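**Q** The following block contains a protein sequence and its predicted model.
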Amino acid sequence: MSSTNWDDIARVINGLWPEANWGDEERSLWKKKLGGLDTLTLVDALEDVACKNKRKKPALVDVTESY
């Protein structure tokens, strides 16, 4: 799986941060910035951010830096 299936990534994000509230613009930005990335690497980055941060919602910059 080398290209991102955004529905799968969205499920991972929502599973790791179930209490986060996402606005439409925010969802669109995340999809725009992360949608073309390698799925396996992106999931690793998301899991890394989830382990390091205690926030109810991740920062996009943390995910891109971890990626």
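**A** Looks like it came in fine.
**Q** Just the buried residues of stretch 32-50, please?
**A** In terms of neighbour count (16 or more other CB atoms under 10 Å), stretch 32-50 has its buried residues at 34, 37, 39, 42, 43, 45, 46, 49, 50. (Glycine included, C-beta is placed from N, CA and C.)
**Q** same deal with stretch 21-31?
**A** residue 30.
**Q** tell me, which helix in the chain spans the most residues?
**A** When the chain is parsed with DSSP state H, its longest helix is helix 39-52.
**Q** CA atoms only: put that one into PDB for me.
**A** Extracted in PDB, the C-alpha atoms of helix 39-52 (Å, rounded to 0.1, in the frame of the first residue of the first chain):
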ATOM      1  CA  THR A  39       0.000   5.400   3.800                       C
ATOM      2  CA  LEU A  40       2.300   3.200   5.900                       C
ATOM      3  CA  THR A  41       4.700   6.000   6.700                       C
ATOM      4  CA  LEU A  42       1.800   8.400   7.500                       C
ATOM      5  CA  VAL A  43       0.200   5.900   9.900                       C
ATOM      6  CA  ASP A  44       3.600   5.500  11.600                       C
ATOM      7  CA  ALA A  45       3.800   9.300  12.000                       C
ATOM      8  CA  LEU A  46       0.200   9.500  13.300                       C
ATOM      9  CA  GLU A  47       0.900   6.800  15.900                       C
ATOM     10  CA  ASP A  48       4.200   8.500  16.800                       C
ATOM     11  CA  VAL A  49       2.300  11.800  17.500                       C
ATOM     12  CA  ALA A  50      -0.400  10.000  19.400                       C
ATOM     13  CA  CYS A  51       2.300   8.400  21.700                       C
ATOM     14  CA  LYS A  52       4.200  11.700  22.300                       C
END
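**Q** I appreciate the help and will end here.
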